[in-house]
Structures are given as C-alpha cells and as structure tokens.
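# Need the 3D shape of this:
(2 chains)
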Amino acid sequence: MTTSKTNPREPHSLPYYITDPTPLPSHIPSVPEIGATSAPLLSASYFIGARCAPFNEDFMLCRSQSRSGEIDCLKEGRRVTRCAISVLDDINKNCQAEFRKHWGCLENENHDLSRCRLDEAPLNACVAKFLNLTKVIPNSDGTPINDYETPSFFKNKVKAKYEQ
Amino acid sequence: MSTSQDLPPKGGYDAIQWRRNLPSRGFRPSIYLGIMGAVSLFGFWRLSIAMRVAREEKREKTWARIHLLPLLQAEADRDTVRRHYATMEREKAIMKDRPDWADGKPVYHDGRLHAPTFVILEDAKSAR
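Okay, here's the model as predicted:
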C-alpha cells in the first residue's frame, strides 16, 4: 500500500482486494467445512476413503457426467464433506492421542508417510478397533506397507530416533 | 713358460637372469572379476527391494490423495458457486438501469460454469 513518487499507482494484486465475502445464496443448504489442515487430512485419508467411498465416487461420477458439475453436484459434495467430518470426529473421539501423534509426525517429516510408520501402526490398530476402518492400498500385493523391508540406512536412523 | 688362460669357473657360469623379477601380488584377475560381480549382484538385489518399496510408497501417497480429492473438490466447488452467484448479483445491481441487458447470460454457450475473466476490485479503504 505504499506509493512512491516514481510510481504513484497503488499495487492492487494483494489478496484482500479480491476477497469476496458474499455468502452462499440462501436457497443452497449450508454445510460445515472440514476445517482440517493437510497433515490431519493425509493421516486420515485412508479412513475417509474407506468409509466415504460411495459418497466420493457418487460425487466424482456426478462431476464427470455434468457439464456444470460445480452447481449440479452441490448435494453430493455436501454428503462428501459431511462424511469426511464424521470420520474425523470419530477418530478424534476414540483415537485422539494416536491421531495427533501421527499427523504431528507427518508435519515434522515433510508429509512422508514412510517416516512415520511407528506412529502409524498404533493409529491403524486403534481405528480398526473402534471405527472398524482399515487402511488398504488398492491393487497392492497384500503385503502391509509397514512390513516392507526398509533397506535405506537413513530410514533406519529415523526409525531409531523414534524408538528412543 | 707357463701360460694362463681365462677360463670359466669350476662348474660353469651361473645362468643369466634375463627374466624380470616381479613378485606377483594379490589374486588372479578372475577372482577380482568375481568379487566385482558379487558386489554388483548384491547391490542390484538391494536396489530392486528399494525400488519396490519406493514404488509402493508412491502409490500409497497417490491413493491418499485420491481419497481426499472429492472432499477438496467439493469445498472448492462450493467456493466457486458462491463467487459465481455473487458475481451474478453484482452484475444485476450494476446493470439494473439497462432493460435490454439479459441478467446472467453466459458469455460462452457450452453449458459450463466459467470463472469470470475479470475481478471487481473493491475500494482499498473499504476492503481493509
């Protein structure tokens, strides 16, 4: 917002200039947004996928089949968001300590899932016990990814750090 | 008169050492080749494991993103629609004195929702 004598024009590419606070029209039902940042979402992604697969696929099918899917698929989109919120709520209710530890590790380790296996295992066990949701990577050969051999010396060092 | 003649020593001269006297060090070359092959085989074996793990971890990350994509898309869509309706309202207010103006008529006729190609900048002081 500084103007100089050489360039009296005010800069106008600042983000608050183009914010549009107008709310959604009243004929569209409102839904709470998920409100979680990237690390909790990544940590819970497979559980969201496990529980919300029908809603997710329904939404994406609607999006791909409609020309203006943004407007036509608002209802499916609300279902997707509500389902994801329910997953996060349930995890926070039953497995909050494990969840926080895992996504805290993801934040510290550059969102690298392979460096947070030690925190992931108790979270997976807890979620499988209380929420009955399991992490399954599609089209894998059945080996749980935690059981893969980690030949890298660096990974063993990281592992040793977390075992302390 | 006794004559002395230069004669070889008794038993003859020693053999002339014409071959180079280089002691051979280390193993046979084939053994070094074999060691190199063994080290390479071990390395490629570990590399195959590492590549398999890396591929699996990449797939894991990709599927995590696929599971989250509808959620993020739905949120972004709601924002797009909100901005779209705000733009329509703004257009209606700006063009209210023009009876020949068709409100909300799209520029393109492909049935898609297009983000506006221009941005109404608010007054700097009121935006703060």
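# Contact partners for the residue positioned nearest the centre of chain A?
In chain A, the C-alpha nearest the mean C-alpha coordinate belongs to A:Leu41, at 2.0 Å (Cα atoms, centre = their mean). Contacts for A:Leu41 (Cβ atoms under 8 Å, 6 or more residues apart in numbering or on different chains) come out as A:34, A:48, B:68, B:71. To be clear about C-beta, it is placed using only N, CA and C from the backbone, and glycine gets the same treatment.
# Tell me which of those fall in helices.
The members of these that map onto helices under DSSP state H are A:48, B:68, B:71.
# so the first one touches B:Arg65, yeah?
No: taking contact to mean Cβ atoms under 8 Å, the distance of 11.5 Å between A:Ile48 and B:Arg65 leaves them out of contact.
# Mind checking which of these two has more residues around it?
Set A:Ile48 next to B:Arg65 and count neighbours by other Cβ atoms under 10 Å in any protein chain shown: A:Ile48 wins out with 27 against 13.
# what helix or strand is A:Asn124 on?
helix A:117-130 (DSSP states H and E).
# what sits up against that helix?
Outside helix A:117-130, the residues that touch it by Cβ under 8 Å, 6+ apart are A:43, A:47, A:90-91, A:94-95, A:98-99, A:101-102, A:104-105, A:113, A:133-135, A:146, A:159, A:162-163.
# ok, A:Pro29 - how many residues close by?
Neighbours around A:Pro29, by other Cβ under 10 Å: 9.
# Helix, strand, or coil at it?
Secondary structure state of A:Pro29, per DSSP: H, G, I helix; E, B strand; the rest coil, is coil.
# which one is it nearest to, not counting chain neighbours?
A:Arg78 (6.7 Å; Cβ to Cβ, 6 or more residues apart in numbering or on different chains).
# Who are the contact partners of the one you found?
Contacts of A:Arg78 (Cβ under 8 Å, 6+ apart): A:29, A:31, B:74.
# wait, which of those residues is closest to A:Cys73?
The closest of those to A:Cys73 turns out to be B:Ala74 (Cβ to Cβ; 7.9 Å).
# Distance from the chain centre to the helix or strand hosting that closest one, please.
Assessed by DSSP H and E, B:Ala74 sits inside helix B:29-94. Between the centre of helix B:29-94 and the centre of its chain there are 11 Å (Cα atoms, centre = their mean, to the nearest Å).
# Okay, now the unreliable bits of the chain?
This is for chain A. Low-confidence segments of chain A (pLDDT under 70): A:1-19, A:141-164.
# Can you look at chain B instead?
Under the criterion pLDDT under 70, the flagged ranges of chain B are B:1, B:119-128.
# what ranges do the helices span in chain A?
Secondary structure of chain A (DSSP H): helices located at A:38-65, A:69-72, A:74-94, A:96-108, A:117-130, A:153-163.
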